[in-house]
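**Student:** kindly generate the corresponding structure for this input.
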Amino acid sequence: MKTAFRLALAALLPLALPASQALAQTAELVSRTELRVCADPNDMPYSNQKGEGFENKIAAIIGQDLKLPVSYVWFPQVMGFVRNTLRARQCDLVMGTVAGDPLMDNTNAYYHSGYMIVTRADAGITATSIGDPSLADKRFGLVAATPPTDLLLRHNLMAHTTSYALTVDTRYESPSRAMLQDLADRKIDVALLWGPIAGYYIKQDKLPLKAAFLDPEGDSDRLDFRIAMGVRANEPEWRRSVDQALQRHRAEVDKLLADYGIPLLDEQNKPIPASLPGAVGAKP
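**Tutor:** Next up is the predicted model:
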């Protein structure tokens, strides 16, 4: 219901203002003196207050291109993030959002990834589908309420599954990192995890793990997503400026993604082999 209301309201707003008024309002919404980024203060590998995340690095590239100093409005990535940051006009750009997110307008996607099946490198597991018979007796790890939950339910594997919290105080806890460590310590056999998080921690912590993209099944929940940047609706010139900056620095952005171990899918949803954690050709 809330999503339907937001979409209806977004459709009506352009009709309520003459075009000239809408453009004038847009010009007032975006700071022309700094690049104001909405971000989580402790959400690696994406962002933190030390500027160590890949989204921090990409924001710096965009700011330099647009000749704007980068500033941040920090807010945890929880319910109300967009309402309290971008929509409250405290900042002008969300660095990572699912393309097509109804809460924001989006730039072109700058990477494409998905959920992965992560196993120990020495386990000999080659399955990429939850329905594979070789996984029937395995112990799974899952972040609660994420899309792979549907697949485990379909195959009656929840009784074999350890659930890790979705929402925590990220200053003190990292359930995804804990899950991967449990996998390395043989407390579970398979971890189902969003690719950028899996790839980053496998690489950073030098874990003896490998990962492959998880196969979807028919009408199951979507497992792959194109990630873009979010701006307010009715700011086409601002969105275009960010898109153009991204395009001019495509090679630098791609290198940053590789440096952070982000596993990628191509436009045909095929894995880019060298980006896979533990793959031959991937960076150590």
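**Student:** CA only for contacts and neighbour counts going forward, please
**Tutor:** Noted.
**Student:** what sits against the closest residue to A121 other than its chain neighbours?
**Tutor:** Sequence neighbours aside, L209 is the residue nearest to A121 in space, at 4.7 Å (criterion: CA to CA, 6 or more residues apart in numbering). By CA atoms under 8 Å, 6 or more residues apart in numbering, the residues touching L209 are V118, T119, R120, A121, A184, I202, P277, G278.
**Student:** just the buried ones from those?
**Tutor:** Buried residues within the contacts of L209, counting neighbours by 16 or more other CA atoms under 10 Å: V118, T119, R120, A184, I202, P277, G278.
**Student:** strands along the stretch 151-284 of the chain, start to end?
**Tutor:** For the stretch 151-284 of the chain, the strands defined by DSSP state E, counting those that start in this stretch cover 161-164, 190-194, 209-213, 224-231.
**Student:** tell me the angle the second one makes with strand 209-213.
**Tutor:** Translated: strand 190-194. Relative orientation of strand 190-194 and strand 209-213, computed by axes from the mean of the first three to the mean of the last three CA atoms, to 10 degrees: 60 degrees.
**Student:** who wins for proximity to Q90 among the strands of the stretch 151-284 of the chain?
**Tutor:** For Q90, the closest of the strands of the stretch 151-284 of the chain is strand 224-231, at 12.0 Å, according to CA to CA.
**Student:** surely S275 and Y260 touch.
**Tutor:** No - S275 is beyond contact range of Y260, at 10.0 Å (criterion: CA atoms under 8 Å).
**Student:** mean neighbour count, the strands of the stretch 151-284 of the chain: which tops it?
**Tutor:** strand 190-194 (a mean of 26; mean count of other CA atoms under 10 Å).
**Student:** average pLDDT for it?
**Tutor:** Mean pLDDT, strand 190-194: 98.
**Student:** how far off strand 224-231 does it point, in degrees?
**Tutor:** Here strand 190-194 runs at 30 degrees with respect to strand 224-231, directions being taken by the same axes, to 10 degrees.
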